[in-house]
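Chemist: Okay, sequence plus prediction incoming.
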Amino acid sequence: MVPPSPRRTELLRGVLDLCLLAVIDEGPAYGYEMTKRLRDRGLAIVGEGSIYPLLGRLERDGLVETYRAASNGGPPRKYYRPSSSGRVALALGVSEWRAARDAVDAVLAPVKIEVAS
Amino acid sequence: MSDFVEQCRREWKRLGVPDPLAEEMATDLASDLADAEAEGVSAEEFLGNSVFDPRSFAAAWASERGIIPVPSGRSTGRRRPFVLVAFTTLATLTLVVAALLLATGQPTVSLVATRAAQPHFVPSPPGAFVAPPGTSRQVLLHTDTAAPVEWILLLLAVFALGFAAWLWSSWGRTRPPTAPA
């Protein structure tokens, strides 16, 4: 397993809460299910630490709602879904992310990447 | 991985996390780790670097949920102002006292007490007023220099206030931002 670069880790740290809100906005999910959805989109969170403290913060801040339900015959799992204020935070965060991404792209777009062989 | 969960349990117990909440978190964690293992996902891939430090992981989870107070390392930002406030107050008081002493000019005379029972004779300084004899004697000394103690106090207070100002600005720069909404 290749460890992620520190820059990637720092970049993701600032938007991981948005990513979690986004994947549970598609449908309620429990902890591992969220990481699976992220991984299916190519976003392995290796190196960024666990999602649990982040979920704890989202819960404490009232951005997610939780409930317990059975899953595939296993023990009841804790499911997360965005609250109404969580959806607002997601919309605002996505807007901020897009603005920042576009601004950075405008600066970095002219850079030509040449990899020496 | 049950060892990881057990270490988390122990840490939550040590931190005073209520048993029902600790049990809930441990159950969720164990179930998720079992799912990951069943799908061939390693614990490191699932938990990241946290897998190497269960105690920090457990403490971070509990504190982010608001179950326990923020760990000491993060509370420094809240403790520091108390020390700074005390230091700044002390420096300000010293400055005021030194300035008052200089303004009134009272401490240009210092009082020296000497014991009569001393084993060897201590002559009175020239020009000194010697108090009536007793078990001890007191000698009033007129200092020629312009209140050096007050000047030293004043300088110390000014330096201390400058240092306090630097600490305040440094604290303001390093203070962690408030959590995002």
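Modeler: Yes, it's here.
Chemist: Output the contacting helices and strands for the helix or strand where residue B:7 lies.
Modeler: Residue B:7 is located in helix B:2-15, with elements delineated by DSSP states H and E. With contacts taken as 3 or more Cβ pairs under 8 Å, 6 or more residues apart in numbering or on different chains; DSSP states H and E, helix B:2-15 sits against helix B:19-38, helix B:54-64. No exception for glycine: its C-beta is placed from N, CA and C like everyone else's.
Chemist: quick one: contacts of it?
Modeler: B:21-22, B:25-26, B:29-30, B:33, B:43, B:47, B:51, B:54-55, B:57-59, B:61-62, B:68 (Cβ atoms under 8 Å, 6 or more residues apart in numbering or on different chains).
Chemist: Got a quick PyMOL command for the buried subset of those residues?
Modeler: Only the buried members of the contacts of helix B:2-15 end up in this PyMOL selection, burial being decided by 16 or more other Cβ atoms under 10 Å in any protein chain shown:
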select buried, chain B and resi 22+25+26+29+30+33+47+51+54+57+58+59+61+62+68
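Chemist: when you check chain A, which of the contacts of helix B:2-15 turn up near it?
Modeler: Restricting the contacts of helix B:2-15 to those near chain A by Cβ under 8 Å from any Cβ of the partner chain leaves B:25, B:29, B:47, B:57, B:61-62.
Chemist: So which elements touch the longest helix seen in chain A?
Modeler: Of all the segments assigned as helix in chain A under DSSP state H, the longest by residue count is helix A:84-108. Here helix A:84-108 touches helix A:16-25, going by 3+ Cβ pairs under 8 Å, 6+ apart.
Chemist: Would you mind naming what in chain A lies close to chain B?
Modeler: Residues of chain A that fall close to chain B, judged by Cβ under 8 Å from any Cβ: A:1, A:17, A:30-32, A:35-36, A:44-50, A:52-54, A:56-57, A:59-61, A:63, A:74-75, A:77-78, A:85, A:89, A:92.
Chemist: Kind regards, and thank you for your time.
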